[in-house]
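1. attaching a predicted model along with its sequence, questions to come.
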Amino acid sequence: MLLNWTMIFLVIALVAAVLGFSGLASAAAGIARVLFGIFLVLFLLSLLLRAGYLPGYRHG
């Protein structure tokens, strides 16, 4: 779900950049960057928890 929002804001940024709305493109690209960063952190955290490198998750 979070990655979908990232892609939506990325498309908005690209369309705005093509149409010449540089302020809107910059804002949308910034939002996409933040959402992708959050997605990446959560993804890596879930991989570490699943692999057992971090406490708090038990395979069962």
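-> Cool, got the structure.
2. which elements pack onto the lengthiest helix in the chain?
-> Of all the segments assigned as helix in the chain under DSSP state H, the longest by residue count is helix 22-51. Contacts defined by 3 or more Cβ pairs under 8 Å, 6 or more residues apart in numbering; DSSP states H and E place helix 22-51 against helix 2-19. Quick note: C-beta positions are derived from backbone N, CA and C, even for glycine.
3. now the helix it packs on: average pLDDT?
-> What helix 2-19 shows for mean pLDDT is 87.
4. also stretch 37-51?
-> Mean predicted confidence for stretch 37-51 is 88.
5. so what's residue 29 scoring on pLDDT?
-> On the pLDDT scale, residue 29 gets 91.
6. show me the contacts for it.
-> 9-10, 13 (Cβ atoms under 8 Å, 6 or more residues apart in numbering).
7. next, work out how far apart it and residue 40 are.
-> 16 Å (Cβ to Cβ, to the nearest Å).
8. distance from the chain centre to stretch 25-35, please.
-> With Cα atoms, centre = their mean, to the nearest Å as the basis, stretch 25-35 stands 10 Å off its chain's centre.
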